[in-house]
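Novice: fold the stuff below for me.
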Amino acid sequence: MERDIENLVIPQHVALILDGNGRWAKKRGLPRTVGHKQGCVTVEQTVEDAARLGIRYLTVYGFSTENWKRPEDEVGGIMKLLDKYLHEAIRDMEKKHIRMKVFGDTSRLSPELQALVAKTDEITQHVKGFQANICLNYGGRAEIVRAAELYAKDVAEGKAEGKLTEEKLSKYMYSADIPDPELIIRPGGEYRLSNFLLWQCAYSEFYYTDTLWPDFTPEELDKAIAAYGSRDRRFGGVKT
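Specialist: Have a look, this model is predicted:
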């Protein structure tokens, strides 16, 4: 089916909560890891589709600080998929003009994964264009605490002074220097943020769908963006 995207209002920054991989697999009588594998395929497709639409930044919630509570075999399977995804990104970033940043505390990842993250960051320094942000071992509250600690350290070392403002603290977030997401999409039928981008979502629009993440198609992204375009964004003010 031909996509009708001509009149879409394209946000600069879209964020995605990748929900429903396990349920997608369970419905098919498959291991949860198969759902995560298919979810990775959907991430790759969505990154390329978002870039084609003219979205400048796409942030996906890959693995939260709470996800370590999942069964060991499931966590191990996710880490293997992450390894594969990062190797493919390193291979393709320059060719596809895709930058990549990782948000989160990577110190808990394996040394091998940390090295791959460092390599993607190195490549990003000399690539221009669309940016994909992958949240790994990420939690919104932990990010705010980290930012406050970094600011306090800079004050103690004489690198920062004056009253702390929202603008100053924003510079210590993982997302420093990129716009906050105008649109946050959550597939999977749940209606919560799950500790995702708590600082950045102050004026984000939210879009929820029952579609499980592995089934999220370009047409689903179009629906979310169309819904975003119909919203009246006043940022606390009144339009006259």
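
Novice: all strands for this structure, in order.
Specialist: 13-17, 57-64, 98-103, 130-138, 183-186, 205-208 (DSSP state E).

Novice: in TSV, list these along with distance to residue 74 and mean pLDDT.
Specialist: C-beta coordinates here come from the backbone N, C-alpha and C atoms, glycine included. Output for those, formatted as TSV (distance: least, Cβ to Cβ, whole Å; pLDDT from 0 to 100):
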stretch	distance to residue 74	mean pLDDT
strand 13-17	18	98
strand 57-64	11	97
strand 98-103	21	96
strand 130-138	15	97
strand 183-186	21	98
strand 205-208	25	98
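
Novice: got CSV for the ones you listed, with distance to residue 177 and mean neighbour count too?
Specialist: Below are those laid out as CSV (distance: least, Cβ to Cβ, whole Å; neighbours: other Cβ atoms under 10 Å):
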stretch, distance to residue 177, mean neighbour count
strand 13-17, 12, 25
strand 57-64, 11, 24
strand 98-103, 10, 21
strand 130-138, 11, 23
strand 183-186, 19, 25
strand 205-208, 22, 18
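
Novice: packing partners for the biggest helix by length in the chain?
Specialist: For the chain, the longest helix by residue count, based on DSSP state H, is helix 72-96. Counting contacts by 3 or more Cβ pairs under 8 Å, 6 or more residues apart in numbering; DSSP states H and E, helix 72-96 packs against helix 32-53, strand 57-64, strand 98-103, helix 111-124.

Novice: what do you get if the cut-off is 10 Å, keeping everything else the same?
Specialist: helix 21-27, helix 32-53, strand 57-64, strand 98-103, helix 111-124, strand 130-138 (3 or more Cβ pairs under 10 Å, 6 or more residues apart in numbering; DSSP states H and E).

Novice: so can I have JSON lines of these showing distance to residue 215?
Specialist: Output for these, formatted as JSON lines (distance: least, Cβ to Cβ, whole Å):
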{"stretch": "helix 21-27", "distance to residue 215": "7"}
{"stretch": "helix 32-53", "distance to residue 215": "8"}
{"stretch": "strand 57-64", "distance to residue 215": "16"}
{"stretch": "strand 98-103", "distance to residue 215": "24"}
{"stretch": "helix 111-124", "distance to residue 215": "27"}
{"stretch": "strand 130-138", "distance to residue 215": "21"}
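
Novice: and residue 13, which of those is closest to it?
Specialist: Across these, residue 13 has its closest neighbour in strand 57-64 (4.1 Å, Cβ to Cβ).

Novice: got the angle for that closest one vs strand 98-103?
Specialist: Orientation check (axes from the mean of the first three to the mean of the last three Cα atoms, to 10 degrees): strand 57-64 against strand 98-103 gives 40 degrees.

Novice: so where's the protein shaky on pLDDT?
Specialist: Scanning the chain for pLDDT under 70 picks out 1-5, 233-240.
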